[in-house]
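Colleague: coords please:
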Amino acid sequence: MRDLTWAREDMKVIELKARQRLGAFLLRHERIYPGRCRWTQAHFRWLEKQKFASPVQQVVFQEYVDAVVEARHRVAGLEREIRSAVATWSLRPLVEALISVRGVNVLTAVTVLAELGDITRFDSPRQLMGFLGLVPSEHSSGSRRRQGAITRTGNSHVRRVLVEAAWSYRHPARKTAHLQRKAAAASPRAQALARAAQKRLCARFRHLFQAGKPKCQAPETSRSSQSKLQKTLGITEAFSRYGPGPRPWSVSIHRCPA
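Modeller: I've put the predicted structure just below:
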């Protein structure tokens with residue numbers, strides 16, 4: 001599973017670079033898309049209508065478009081493989097529990113579990129955040145103590161998906177049809193934990209914003225990292241408190257389940 005998630009991330013980087021090259025080519029020739037969002041069906045229909053006076057430029061343009069389309073297909077294919085592999089994975093119950101948390105989809109849940117293995121080996125969310133580099137750095141001298149930006153040490157894959165998940169809490173807490181469909185496969189206990197986490201974390205963001213923290217920084221702050229810690233707490237609880245008794249899906253700390 002970890003190889004699949006890594007391959008998907010690599011293909012996503014290739015897709016991003018292909019998009020940047022195509023966008024730079026269009027910008028050089030003053031072809032500006034008039035719509036709101038790029039890389040949608042409307043955007044690709046607009047690309048199909050682009051014609052260049054020089055045959056050479058038309059060939060180059062088509063090569064850039066084909067590179068973007070090919071990268072999109074590769075990413076979509078790997079995502080299908082990940083979803084197919086989850087059906088027979090030993091950690092499937094935990095994936096379903098994590099998906100019930102707002103901001104967490106299949107790819108996020110699989111990345112967290114494939115990279116961390118048995119998350120119950122962490123005694124607290126704070127210890128997990130230290131492992132992922134989501135704690136503030138510190139510069140101390142004598143009696144002076146100053147905290148800076150997060151350390152960004154440890155596993156960057158999990159850190160990235162957790163930060164992306166944290167952004168969903170900038171919106172008010174709601175029980176939408178989409179969230180209910182996501183949580184349908186989870187146990188009632190996991191759903192209750194996800195709902196409680198959503199209320200707490202949305203309130204935390206609102207508190208930060210009202211305190212004067214800019215929206216673009218609120219998901220990453222509260223004394224440098226506390227907000228991230230609180231947002232991940234909901235995921236940690238849904239995992240470590242999924243149910244009583246021994247966990248048959250627990251794995252060794254030194255290896256990831258296949």
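Colleague: do you know how far the spatially most central residue of the chain is from residue 91?
Modeller: The centre of the chain sits closest to residue 161, judged by CA atoms, centre = their mean, with a distance of 2.7 Å. Residue 161 sits 16 Å away from residue 91 when distances are taken as CB to CB, to the nearest Å. No exception for glycine: its C-beta is placed from N, CA and C like everyone else's.
Colleague: Just the CA trace of stretch 75-86, in CSV.
Modeller: The C-alpha trace of stretch 75-86 is given here as CSV (Å, rounded to 0.1, in the frame of the first residue of the first chain):
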residue,chain,number,x,y,z
VAL,A,75,-3.0,9.3,-11.5
ALA,A,76,-6.6,8.1,-11.9
GLY,A,77,-5.4,4.6,-12.6
LEU,A,78,-3.3,4.5,-9.4
GLU,A,79,-6.2,5.9,-7.4
ARG,A,80,-8.4,3.1,-8.7
GLU,A,81,-5.7,0.6,-7.7
ILE,A,82,-5.6,2.0,-4.2
ARG,A,83,-9.4,1.8,-3.7
SER,A,84,-9.3,-1.8,-5.0
ALA,A,85,-6.5,-2.8,-2.7
VAL,A,86,-8.3,-1.3,0.3
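Colleague: quick revisit: right, and the residue nearest to the centre of the chain touches residue 107 too?
Modeller: Yes. If you go by CB atoms under 8 Å, residue 161 and residue 107 touch, sitting 7.4 Å apart.
Colleague: As a check, name the ranges of all helices in the stretch 101-250 of the chain.
Modeller: 106-116, 125-132, 156-166, 177-182, 188-210, 226-240 (DSSP state H, counting those that start in this stretch).
Colleague: Residue 33: which of the ones you listed is closest?
Modeller: Nearest to residue 33 among the helices of the stretch 101-250 of the chain is helix 156-166 (25.0 Å), distances taken as CB to CB.
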